[in-house]
Each structure stands twice: as structure tokens, then as C-alpha cells.
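# Got a predicted model here, sequence first, then my questions.
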Amino acid sequence: MARHSLREAIQEAGTKLFTERGFNASSVKDITEAAGVPKGSFYNHFKSKEGLAAEIVTAYGKGTTDRSILTDPDIPALTRLKKHFAALNEYFTRCNEGCLVGKFMAEVSDDTPQLRENLLGVLRLWGEQISSAISDGQKQGSIRKDLKADELAAFLIDAYEGAISRTRVERNPRALKSFSKVVFSSIVV
């Protein structure tokens, strides 16, 4: 039981520091101090800082908002996409630290293969969820069909990550609002 709570404390501290500072600016010492645990406890639970970051990004990728709306067949596909991005806009308007995935993508290197692999897994998951809604919208006739659903989904993720970064720099949600305005005036039939 105690091991679980130490692990959880380390994960929570790591998530907070990685979100605030990024991967490279957060040391194991910083994380253990923030968690209030001895440095040795870190290595009882994680092989490395990269291993912790990889676990955190996978958990983060499951969603800070409810992503199940993207696959709800009872809601028209275009509505699903609009509601999904509206929820993200609301979240990132309140949270000025940006997206942990975007931060890690900016810092990933040849020295962090495990983090890279987990980031790719998150991007694949998000792409599949968004692509599914786009594909449904194409079948329903509400979303343009001249672009492949998976390519359009990848573009939306990439563009949204850029909008989050710009929002963080400007300290203003203008880029998030522009993203939604441009995307939803461009992909509809």
C-alpha cells in the first residue's frame, strides 16, 4: 500500500513539473523533492526520468477531457468534433501551461526513445479517435471527402498543438478560437 502511494506521489509531482517546466528542466531531484520522497524511492518505482515521463504521457494521452464523445454513434460526427474541440478549448483556456504532449514533442530526441515511442502511441490514439469521427462525418455527408480521414485527423492534431503553444505564448485563447473557426469552416461540406 505504501509503495503505491509513493509511486502516485512521484507521478503527480512529475506530471506537475513536466507540465510547468518541461522534461529537460525537471530533474529526478526536483521531482522527488516536490513529491516529498527520498531520491532512492524514485528508483524503486521507475528505472529513469524518461520511464516516468513515458508513463505520464501515456496516462495524459487518455485525456484531460472526455474523449468518448468522438466515438459516440448517437451524436452526429460533426457535432462530436465541435464538442471535442470546444471542451479542449475550455480546458486550455483555463490551463495556461500548455499541452504536455506538445511540450514533450518539442523536447524528444534520439536520447529519449521510450518517450518518443509513447508519444507516437498517444498521437496514434488521438488520430484514430478523431479520424473515426471524421470518417463518420464523411459517410454522413457533413465533412468533405476529398481528404482522407486519417490525414485530416493528423493535420487537426498538429494544428491544434500549434494553437495551444501560441495560446501559451500570447497568454490569450485567440489561437484556439481561430483554430475552431478556420477548421470548422474548412472541413464542412
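In hand now; what should we look at?

# which sections of the protein are below the confidence cut-off?
Counting by pLDDT under 70, the chain contains low-confidence residues at 1-4, 64.

# I'd say Asn118 and Ala59 touch.
No: applying CB atoms under 8 Å, one finds Asn118 not in contact with Ala59, separated by 9.8 Å. For every residue, glycine as well, the C-beta is placed using N, CA and C.

# Give the residue from these two that has the larger number of neighbours.
Asn118 (25 against 14; other CB atoms under 10 Å).

# ok, residues contacting stretch 40-47?
For stretch 40-47, contacts defined as CB atoms under 8 Å, 6 or more residues apart in numbering pick out 3, 6-7, 10, 28, 31-32, 52, 55.

# Got a quick PyMOL command for the buried subset of these?
To isolate the buried members of those in PyMOL, using 16 or more other CB atoms under 10 Å:
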select buried, resi 6+7+10+28+31+32+52+55
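
# Now do the contacts for Lys82.
The neighbourhood of Lys82, defined by CB under 8 Å, 6+ apart, consists of 180, 184.

# What of Asn89?
By CB under 8 Å, 6+ apart, Asn89 lies in contact with 173, 176-177, 179-180.

# ok, so of those residues, who is nearest Asn24?
Closest to Asn24 out of those is Leu176 (26.1 Å), distances taken as CB to CB.

# in terms of contact, does Leu81 touch Ile134 like I think?
Yes: counting by CB under 8 Å, a contact exists between Leu81 and Ile134, whose distance comes to 7.1 Å.

# in the protein, which spans are helices?
Along the chain, counting by DSSP state H, helices occupy 2-21, 28-35, 39-45, 49-61, 77-94, 100-107, 113-140, 149-170, 174-186.

# Mind checking these for the one nearest to Leu70?
Leu70 lies closest to helix 113-140 among the helices of the chain, at 4.4 Å (CB to CB).
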